[in-house]
Structure formats: structure tokens, C-alpha cells
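> Generate coordinates for the sequence data below:
(chains A and B)
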Amino acid sequence: MQACFTLNNVKKTYGRTNDDSVRPALNIDSLEIASGQTTAILGYSGSGKSTLLNVLSLLDRTDDNGGDITYREQSYKSIRHDERAQNRLRGNEYGFVFQDNHLLEHFSAARNVAMGIAIKGVPLSECDRRAKTFLAEVGIESKAKSLPSELSGGEKQRVAVMRAIAHEPQVVFADEPTGNLDWDTGLAVMERLARWQHESGHTLIIVSHNIHQVIDFTDRFVMLKDGGIIFKGVHPKHAETKLEDEELVETPDRLTDVLRVHSKVHQLESTAP
Amino acid sequence: MNPMSRLAYILNYAVNDLLPFRIAGETPAEKAASLLDTSKRWLTTGLNVLTLATLIVTALVIGGLVIGTTTLLREYIEENPLALVVEIHGGLGASVKTISEEDEKEIRTFAVGQDGKIAPDTNSDDSRRAVHRVAGWNDYALWFFKRDGSRDTDFSSGRTVQPNDPVLEKLSFTQKASDRFFERPVLPHLIVTESLLKQLGYEKPPAALKVVYQQRAAPLEIVGVAKWLPAGDFIISETFYRMIRDRKWQWPPMHRHAYMGPVSAGQGKQILEKAANYFADQEVKVELTERAGSDKWIKVTLSGKTRWDEEYWTSTFFPTISLYLGDSGWFKNLSAGFDDALRSDSAQWSSVDIGFTRASAYVKELSLVPGVVDALKARGLGVDDRIAQEVVFLQQVSAFGRRLFAWVIGAVAFMAAVNIGLSFAQTIRRKQAQIGILRAYGASRGFVFSIFIAEAALVWIIAAVLGLLIAFPAGDAIGEHLMKVWNQKQEIGMAGDAMPKFFRAPASLLLLTLGGSLLVCWIATGWAAFHAAQVNPATAVRSRE
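This next block holds a predicted model:
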């Protein structure tokens, strides 16, 4: 397995970072995220999923002495104070989809899709042209000039997905991309993201609490609890690249079992006389 | 990576954000919500534009007024040497020697020397005569008719007084008439001594005495009888003095040339018409003979016949701005540079010009006028520094205007800054998530900062256009009105077309206002924009659920 991200002793603490009594929101000894595959980060609310995504994508920083993350050959520690390099990495290599679509409300669907490339200084006419081909691909070309408030929830999220891939990123980070959508719409969004990953051969990292919705599209699994990793899994199709600490995951049941074992309800049940 | 395209995107973002022009939504409720939201944005932007435009209009209009007044005043002072003239009226036939030996040395006329330059002339006959006249002041007097109607062969000497004249403190009245003396400012009044009345054959004071002055006879109302007068045998009121001076009392004219101004180009004709009109019934010919010294002053020559068949010349029909030249051409040699002469010399007052009824001290600087006035009053002389007072008043108004301007502009600028700053801060708080998304997609802090700075600049541009569209017509209208008032007050003002430009904000103020308002706008939005740029993208994009 070729690693896209390598994490070593990564810590992220909110609030007073020098206070030992404050438990870090993220505390990962070691983790590799596979390049050219889809990795799902799973866990209950507050388990540190989004925090992991944020530090991986440079939206947030790790603690001052909180280990290092390497993206390909690039050490985050070395660009910790180099905002320009961080912006460049985020702007050129990464794409984002969030639970809330966060579309620019006063811009048309096409301009939203083209946001990433417009920021880079691509002429607006060229932006519009490219955006239209992306919108056509998801069947909402006719809505190119519509404002976000004129789009349905699914359409908005599709625009957000297109925005995430329009600038041809190497990695797309999706934080609960289907969280606000109904099952079918959510599935369509997942399918589109997976298709991008499959066709481009780039890396997709999805944070989700919905195992059933992501499992069919996922190559590898990381499960978090209280900021730490409790489970690493891999789809059987990648069995030959399985690492020592990874488990083969055949069905969602294994994942839900792991989750249940770590749920507070289960812990209460097992300690009962 | 085209910076121009990036700038285009920033501007595109700013315009869309400030003035969204699309009403979105499919259901009526959505459309209404969208309309409300769009209206809110327009209203917010509109209010920001209005406050900034108010700042610009206020700065340009009030600033134009202040600068206009100051300019006008400066022209008025610089171009009008009369502001430096203190008229001294010791009065008709004042017999009191009013000027000390020391002061006499300061009295001189001017002459053109061999080198062509104007210099004080202390040795010529003219100059000696001037000294004699100021020092003595006994050339003129009133002849009184006796009670029996016969004319007194001996004339009597006296002086004039005006309200607050220190000589009043020395008067002792036999009749309680001092109040009446000032109550009726228009009629001629006369205070005489008891001894004069006795000499004229009166036991009790009559209502009026018939007097002769310059071969003209008229009755003067007696308002007081004094046991003793410091000035001689009688005192006539300031009012009467003015009547003589302003030619309401008929007496032969005595001046030959008049220098008038300040006048603007094309106004000579207007002056000539006015002068011709004034002399219409006296067959006087009015000519503009030359422009003197400064081209803002013109020389008018009048010629005609009196009943004595003598040629005469006058300048007294513009009381507030004309110059008296003396009766015998003392200043004839100086006509080329008269107003330069007024300003020359190093003495506090540089010359004294003697007319039939008055003398004038030419003071070197406006600031010295009050001192000269006090000094003259202390010697018991009546003085008239109306023009100086007017100038000082205008200076005070102008200074007050500048202070007011600073305060008003400061207040308006502060309000504009607070208003714009708050509304931007609010907008930016609302836009945290959008800013976060921009940052996530690689937009630098500078990029985010530029967006809001561009929005501020856009607000400023609209405000500037609006402000200029309002400020110039408004400023001109106010200027025109003020000039009308000014010209009415001045009797002969400057040409109407030349004036409104005084009240139009000059280019420097325009630049300062535009630059200043942009600065206010940027300072107000700067901190909000700075905070926007500091938004942590991870926090900003976090789901609101």
C-alpha cells in the first residue's frame, strides 16, 4: 500500500494546549492513509473524526508538539508557519465537501462550481465554461445560472461535490457529505464521489457516522473513539495489501459490532451484574 | 494565475455581495424571503453609501463655504486698502489741538521721487501744510445767526462727537438732554455753550439755531446746552457729521478723481452707469479714465459745471469703498500707485490724509488698527474704523467657520465610520462559513481581506459619485445666494459671474475629501476585514447542526 498521508504521534487539543488535564480531541500514534483509495473515517459524534479530517486537510493545525503529518513527501511540520505553502497545498491539491454545502449564496451554481479555480485567477469566462461541463455531468446544466436558494438540497450538494473536484485535486475530503440528505440522494452523492475516485485514481477521505451508506464505496476503514484509533479495516478486494494491524471487513456487521462494543450503552450493559 | 482575473473575481464577488440583483426561490414564500434578504442587502449598502455621501457632501459644501469666505475675506483685505484706513473726525472747525508734537512727525504726504518711486515727503510745502491742518484743525467752523436775524461776524469753533466718545464724560448739561442726544440718530443735533447763546442774544435756548456752513444755511436742532465744553463753543453730533460727509448736506464737491474697487473685469461700465445716474440732474460727465495701480482698482474722472462755473470732481457716491483724495491734488502725483502708497512706510500709521471734514490714518496692518483707534480715542478724537471692524468680524466668522467645519466633519466622519464599520462587522459575522470555504479552497488571508476592502471601495465609489452630483449644484446655489447677500451689503460688489467660484470647493479640497472619505471607509471596514481574514476555516465550516 502506498501512503498518501502518514501520521506520527498526532495530537490536537482544543482550548489550553499546555494543560495536561485537558484530554486531546485527537491522539493518534501512527496511521497511514492509502493513496489512490477511498478511506472512511468512522465513529460516534465527538470521536475526533472531523478533527482528524481538519488536521489532515490543513484546515486546522495539530498541537505545537503534536507530532507530524506527511502528505506525500511534504511534512506539515515544515510548513507549519508558511501560510502560503498551506494555501497552495489546500488550493491545488485538496478538495472539500462538507455536511452543510456552504455554497456562496449570491453566486450562481456555475460560479460556485468554479470557485476553486476562480480563486486561482482563471478568467471568469473560462471558469463558467468549465463549470458548465461539470454541471452537465450531474444533469443540472440547466441550473447553471440558478442561485443556491433555487436548488434542492441534493442539487446543492451535487454542486458542492462538483466544486470539490473542478480544480482536479489529488485528495478530496468529505465531511459527512450525505448528513443532510435523504438516503437516495445521499447515495447518489456518494456514487458521484466514488466515481471520481475510481476514474481519477486519486484519494478520497470520507468522514461518516453512517456505515451502511459508505461501506460499498470504501477501500479502507479507520474507526475512532475519544480521539484514538480503535479499529483499522480493509475491504477484501485489497487483501493483498492488508497491513498487520488491519482487519478484513466483509460486511457492515463487523464494523457495527466494533462500534457497539465501544458504545457507552454496551459498556453499561457489560458492567451490570 | 492571472492577477487581473483574480481582481475581476474579487470585484465580481464584491458587487454580488453588496448589491445582489437576483430574486431567487420557487415558492412565493421563498421568493418573499429572497426579496427580503436582497432588500436588506440593498438597504445596508444604501445606508452605508448615504452616510459616506453625506460626509462627502458636507465636506465639500461646508468646506467650500469656509474656503470661499476665507478667500473672499483675503481678497477683501488684500485688495481693499480701506480696511487699513481709520477715519479721524476731529470735526468741523475743531479748535482743540489734538495731535502731539511727536505725532506730528508721523504726518506726511507722499511724493514721487526722481527715481520714480513713491516715498514719504516730509519737506515739501504740501507736507508742511498737511501737518498744519491735522495739528490745528481750525480751518473750518460754523457761522451762527443772531437772534435778531443778523449774521454773526465771528464764527465759532467746535467738534463732533459720537456715542461712547470720551468727550461726553466731560460734558455738563444744563438741560437733561443727553438721552435725547442719542435717541434720534438721523436728525442733526447741536450742543452749544451758554456763553455762545448769550453772545447770539438768546436768554433761553431756542429749539434750533440757524447756521451757515460752506455758504449753505440750515437750522440745527439744539439738544443740549452746556455750561462748558472742552472742544470749543459747540458740539455737533456724529450723525450730522455723517450727513455732511455723505452729502446729504448740500455743499460743493471737492474731489477730482475717485479710485474704486475692488472691481472685476467688465464692471467699469456698471460703475460708470451708476455714477452717471447719480449725477444725472447736474450735467456731470462721467468717464473711466484709467485703471490705477492694481488692475482691480479703477480711476473715475467726473467733470461738469457748478453754479460757480467751476469744474468739479467727486468720488463720494460710493461711501463704503471710495477713496478721498484731498482737495488740492495732494495725491495727484501718486495716482499711478495710490494703493501701494497706502501700504508703504514703516510707521504704525503710514500717512494721514486731510480732507475738509476729516483726516484718515493709514494703518500698516489690520492687527494694529484697534491700537490706533484706542490711541486716537484717548486723545478725544472721534474715529471710524467700520471697515476694519467689518474685516475683523469676517475674520472671526471665518475662524468660527473653520472650527465648526472641523467639528462637523469630524462628527460626520465618526458617524460614517461607526455605521459602515458596524454593518461590515455584521455582514462578516454572517459570512463566516463562506469565508471559511474560500480559505479552505486556498484563498489567502490577503485575498479575503481584499474582498472586503473592495466592497468598501465600491461603497465609496457610489458614494463619491452621488456626493459629487449633490455637492456641486448645492454648493453653487448656496454660493450664489451668499454673493447676492454680500453684494447687497456692499452696494457695489464684485461681478456676479465671478463670485460663485469662491464657494466652489477647490481641487485640493476635492482630493482631500475623496481621499479622506475613502480612508474613513477603509479604516472603518479594515478591522472587520482583518478579523474576517483571521477566520479559522475549520471552525467556520463546521456544521451548524
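
> Can you give me the neighbour number for the residue nearest to residue B:32 when sequence neighbours are not counted?
Spatial nearest neighbour of residue B:32, excluding adjacent residues (CB to CB, 6 or more residues apart in numbering or on different chains): residue B:25 at 7.7 Å. Every C-beta, even on glycine, is put in place using the N, C-alpha and C of the backbone. By the criterion of other CB atoms under 10 Å in any protein chain shown, residue B:25 has 17 neighbours.

> got it, and residue A:200?
15.

> what's the answer for residue A:103, then?
25.

> With residue B:409 instead?
Based on other CB under 10 Å, the number of other residues close to residue B:409 is 17.

> Next up, the contacts around it.
B:55, B:58-59, B:62-63 (CB atoms under 8 Å, 6 or more residues apart in numbering or on different chains).

> what's the answer for residue B:45, then?
B:18-19, B:459.

> Out of the residues you listed, the closest to residue A:246 would be?
residue B:18 (52.8 Å; CB to CB).

> Not counting its neighbours along the chain, what's nearest the closest one?
Using CB to CB, 6+ apart, the nearest residue to residue B:18 is residue B:45, at 4.7 Å.

> what do you get for residue A:212?
residue A:252 (5.5 Å).

> for the stretch 351-500 of chain B, what spans make up the helices?
B:369-378, B:386-430, B:432-440, B:445-490 (DSSP state H, counting those that start in this stretch).

> Nearest to residue A:24, out of those?
Judging those by CB to CB, what sits closest to residue A:24 is helix B:432-440, at 22.9 Å.

> quick check: mean pLDDT across that closest one?
Predicted confidence along helix B:432-440 averages 90 (mean pLDDT).

> what's the answer for stretch A:249-256, then?
82.

> that older thread, just tell me which of the helices of the stretch 351-500 of chain B ends up closest to residue A:51.
helix B:432-440 (15.2 Å).

> which residues touch the residue of the stretch 1-150 of chain A found nearest chain B?
Chain B sits closest to residue A:91 of the stretch 1-150 of chain A, with a gap of 1.7 Å, by CB to the nearest CB. For residue A:91, the contacting residues are A:116, A:119-120, A:167, B:441-443, by CB under 8 Å, 6+ apart.

> How about residue B:457?
B:14, B:518, B:521-522.

> Quickly note the distance from it to chain A.
Distance, residue B:457 to chain A, by CB to the nearest CB, to the nearest Å: 18 Å.

> rewinding a little: isn't the residue nearest to residue B:32 right up against residue A:150?
Yes: between residue B:25 and residue A:150 there is a contact under CB atoms under 8 Å: 6.4 Å.

> Low-confidence ranges, the stretch 301-450 of chain B, go.
Residue ranges of the stretch 301-450 of chain B with pLDDT under 70: B:301-365, B:375-384, B:386-387.

> Taking it, what residue is nearest to chain A?
Counting by CB to the nearest CB, the stretch 301-450 of chain B gets nearest to chain A through residue B:442 (1.7 Å).

> Need the three-state assignment for the nearest residue to that residue once chain neighbours are set aside.
Of all residues not flanking residue B:442 in the chain, residue A:91 sits nearest, at 1.7 Å (CB to CB, 6+ apart). Secondary structure assignment for residue A:91 (DSSP: H, G, I helix; E, B strand; the rest coil): helix.

> ditto for the one 5 residues further on
Local secondary structure at residue A:96 is given as strand here, using three-state DSSP.

> One more: the one 5 residues further on?
Using three-state DSSP, the structure places residue A:101 in coil.

> Any chance of the backbone angles for it?
Residue A:101 has phi and psi values of phi -70, psi -20 when expressed as degrees, to the nearest 10.

> what's downstream of the helix or strand where residue B:225 lies, the next helix or strand?
Residue B:225 belongs to strand B:216-226 when assigned by DSSP states H and E. Heading C-terminal from strand B:216-226, the first helix or strand you meet, by DSSP H and E, is strand B:234-237.

> What is that following strand packed up against?
strand B:158-161, strand B:189-193, strand B:216-226 (3 or more CB pairs under 8 Å, 6 or more residues apart in numbering or on different chains; DSSP states H and E).

> Tell me the strands beside it, with direction?
Its sheet considered, strand B:234-237 pairs with strand B:158-161 (parallel), strand B:189-193 (antiparallel) by DSSP bridges.

> Quickly, which of those bottoms out on average pLDDT?
The lowest average pLDDT among the strands paired with strand B:234-237, as it happens, falls on strand B:158-161, at a mean of 62.

> what does stretch B:514-530 rub up against?
Residues contacting stretch B:514-530 (CB under 8 Å, 6+ apart): B:52, B:55-56, B:59, B:413, B:416-421, B:424-425, B:427-428, B:448-449, B:451-453, B:455-457, B:459-460, B:463-464, B:467.
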